[in-house]
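Participant: Provided below are the primary sequence and the corresponding predicted coordinates.
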Amino acid sequence: MNASAKPLAIHDLTVAYQDKPVLWDIDLSVPTGVLAAIVGPNGAGKSTLIKATLGLMPVAAGTVEMFGQPYAKARRMVGYVPQRSSVDWDFPTNALDVVLMGTYGQLGWIKRPSKADREWALHCLDQLAMADFAQRQISQLSGGQQQRVFLARALAQRAQLYLMDEPFVGVDAVTERAIISLLQQLRSDGKTVICVHHDLDSAPEYFDWVALLNVRMIAAGPMKTIWTPENISQTYGGRTQSLIRGAA
């Protein structure tokens, strides 16, 4: 790993569906130790950006590096929390086993988790107040509890960069507070966290860095300089008068 390299560096990234650009010529460089939001309207390409970054969909052009390396070489340093709606919650497994999956990058797929691995997974569940549900089938958990389990799985990876696709969607207030507390702790520990986020009111409260996206990258940088009525209006096409309470 290049110690001076940014956790995420995207250059000239273009993604298209059936020749229609969904992301166009994206440049984005995210520094170490920030809690960053990717914000934009529906159809802006926010989730596509996360998936393309992780190699989960093909790109038409451009490059993505994490810590100066392609994702394939940096994957052990990267934790991913997908949209909850994209997960098969009927899969027959319990919360502890889901979190243990986060240790497989360190173990390899053949070696079985050790007692220490199980203790670490339980600790990660406890960080999200889910240790008491370790043996509960994931299909029996509430939406907020399921989301906390997936966050615990990402935590179990001991990653340096976390990519999260709308972690606050469909969760209760208690879970939302637990999530933001965890994310702030990760930032305090020097980790970099990037979240797709849809709520304009909470964005300046929760995040200290932001990327405003609408197919193209409108602006990116520290929240205090980027979060302006002009930038938000450009991102959303001027339809934001009642939504930009936190903009300076």
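Facilitator: The structure has been received and is ready for your questions.

Participant: just the CA atoms of the helix ranked longest in the chain, as CSV, please.
Facilitator: In the chain, taking DSSP state H as the definition, the longest helix is helix 173-188. Extracted in CSV, the C-alpha atoms of helix 173-188 (Å, rounded to 0.1, in the frame of the first residue of the first chain):
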residue,chain,number,x,y,z
ALA,A,173,-34.5,6.3,15.0
VAL,A,174,-32.6,4.1,17.5
THR,A,175,-30.8,2.3,14.7
GLU,A,176,-30.0,5.6,12.9
ARG,A,177,-28.4,6.9,16.1
ALA,A,178,-26.4,3.7,16.5
ILE,A,179,-25.2,3.9,12.9
ILE,A,180,-24.1,7.5,13.0
SER,A,181,-22.3,6.8,16.3
LEU,A,182,-20.4,3.9,14.8
LEU,A,183,-19.5,5.9,11.7
GLN,A,184,-18.2,8.8,13.8
GLN,A,185,-16.1,6.3,15.8
LEU,A,186,-14.6,4.9,12.6
ARG,A,187,-13.7,8.4,11.5
SER,A,188,-12.1,9.1,14.9
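
Participant: surely Met77 meets Phe67?
Facilitator: Yes - here Met77 reaches Phe67: they are 6.1 Å apart, a contact under C-beta atoms under 8 Å. For glycine as for every other residue, the C-beta is placed from the backbone atoms N, C-alpha and C.

Participant: picking up where we left off before, what's the average pLDDT for the longest helix of the chain?
Facilitator: Here helix 173-188 scores 92 as its mean pLDDT.

Participant: again, but for stretch 43-50
Facilitator: 96.

Participant: now it: buried residues?
Facilitator: Across stretch 43-50, burial judged by 16 or more other C-beta atoms under 10 Å covers Ala44, Gly45, Lys46, Ser47, Thr48, Leu49, Ile50.

Participant: tell me which residues are up against stretch 163-174.
Facilitator: 46-47, 50-51, 53-54, 78-86, 142-144, 147, 151, 154, 176, 179-180, 183, 193-199, 202 (C-beta atoms under 8 Å, 6 or more residues apart in numbering).

Participant: tell me, how many residues neighbour the residue nearest to Arg148 when sequence neighbours are not counted?
Facilitator: Nearest non-adjacent residue to Arg148, counting by C-beta to C-beta, 6 or more residues apart in numbering: Leu128, 4.1 Å away. Other residues lying near Leu128 total 22 when counted by other C-beta atoms under 10 Å.
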